[in-house]
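S.K.: Next input, structure requested:
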Amino acid sequence: MQLLFAESSTRGWGTEQHFAALAIAMARRGHAVCCSMCPGSPLEAVLREAAIPIVLSRRVRGSLDLKQIVGLHRLASRHRADWLITNNPRLYWPLILAGSTTGARTALFRHWEYMSRSLPSRKLMPRLADRFILVSNFQREHLRRGGVNVRRMPVLYNPIDTTRLAPSAEARTRVRASLGITDSEVLIGYVGRMVSDKGIFTLLKASESLLAAAPHVRLLWVGDGVDLQELRIRADSPAQGQRHIFRGWMGDMQGVYNALDVLVVPSEYPEPFGRVSVEAQACGTAVVCSDSGGLPETLAPGTSGLLARKGDPAYLAGTILELLRDPDRRRRMGLAGRQFACSNFSFERIAEDFEELLEGRSDIGRRARAAETPG
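M.R.: The predicted structure follows:
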């Protein structure tokens, strides 16, 4: 198939990472893939490294941006696209209109946990798109309870590069040495945007009792965001300040995940999915996730990681301590997590599922299933 992926963001958040990962996964499966994106996107280099053809276009100015619609029409015609694909809500209508004039079909992904109550967004768009795809069963049920007709909305999980993200003793040693972490220390990590909704202050509060009970533990914070400065100020206490390590976004995420003994995802808002949980498991690292949104679908609870009540620092600290006190259990969870990630979220698995969905060889009921747990 000829697949044209369109994006119009210069961020590198989970939605944009999904855009790049799915494009690469489909190219590896043998489809002809081209990506339209804005100059300055941090994912441009990732796509070029994967030899994905890129067409740079200006940032979309709105859902009825006439120049964008004309540009997409020309691009779809030039590449004889069978499918036009996007994650970006601003590009939904431009792709639908470009598809209607070129004969290409449209696959629109929805990553947010809500939909506008307007008639065009809630009723017309999912009907006009050939595929309107959600990223978790939680998201599908959440929308259904909110009055959205989800009958034609299948679920397709995020693809994770389980070849690049894999267990590595060398990467673990290298990154821990760069952070000044000794073999006798246990490293707990948070990876993501530094914003309150992600539960960073809940994790910080949990760390007070956690670090007091386990003097051999240190906490690594990786990422950036509007609440980073406040987080650093609060963490800088006389008793525990030196045990918190802050780093911006790091290029060697395989090394980061391998360096960790436990990854914590403490989100408090309804995450539609949760890529970092799966990425860490792909590297053989046990995870502790809040029970918010679609996060429970990103692990095998009790097997590859543990769930904690969202917004409850004491519960979160106790759950993390369970794993700190049982290194053998952490190792078993790491092995199970690797199996879970490869079975359910690998490029190969998701590309096959997406291909079946586009070609109409799978039904929505099967796509809207819970991920399989390792046996």
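S.K.: what's the distance between the residue sitting furthest away from the middle of the chain and residue 156?
M.R.: For the chain, the largest distance from the centre (CA atoms, centre = their mean) belongs to residue 238, which lies 35.2 Å off. Applying CB to CB, to the nearest Å, the value for residue 238 to residue 156 is 49 Å. C-beta coordinates here come from the backbone N, C-alpha and C atoms, glycine included.
S.K.: ok, and the closest non-adjacent residue to residue 176?
M.R.: Residue nearest to residue 176 in three dimensions, not counting chain neighbours: residue 259, with 4.8 Å by CB to CB, 6 or more residues apart in numbering.
S.K.: Equivalent analysis for residue 211, please.
M.R.: Once flanking residues are discounted, residue 211 sits nearest to residue 240: 5.0 Å by CB to CB, 6+ apart.
S.K.: What's the local residue count around the one you found?
M.R.: For residue 240, the neighbour count with other CB atoms under 10 Å is 17.
S.K.: do the one 3 residues further on as well
M.R.: The burial metric for residue 243, expressed as a neighbour count using other CB under 10 Å, is 18.
S.K.: does residue 5 count as helix, strand or coil?
M.R.: In three-state terms, and counting by DSSP: H, G, I helix; E, B strand; the rest coil, residue 5 is strand.
S.K.: What's opposite it in the beta bridge?
M.R.: The partner list for residue 5 in beta bridges (DSSP bridges) reads residue 35, residue 85.
S.K.: what residues does stretch 60-78 touch?
M.R.: 4, 6, 8, 34, 36, 55, 57-58, 81, 84, 88-95, 97-99, 101-102, 104 (CB atoms under 8 Å, 6 or more residues apart in numbering).
S.K.: Now the buried members of the residues you listed.
M.R.: Those of these that meet the buried threshold are 4, 6, 8, 34, 36, 57, 81, 84, 88-95, 97-99, 102, 104, by 16 or more other CB atoms under 10 Å.
S.K.: OK, contacts around the residue nearest to residue 211?
M.R.: Counted by CB under 8 Å, 6+ apart, residue 240 has contacts 207-208, 211-212.
S.K.: Would you mind confirming that the residue nearest to residue 176 makes contact with residue 171?
M.R.: Yes - counting by CB atoms under 8 Å, residue 259 does reach residue 171; the two are 7.4 Å apart.
S.K.: For residue 232, list the residues it contacts.
M.R.: With CB under 8 Å, 6+ apart, residue 232 has these contacts: 244, 246.
S.K.: Please pull out the lowest mean pLDDT helix or strand from the chain.
M.R.: helix 364-367 (a mean of 44; mean pLDDT, DSSP states H and E).
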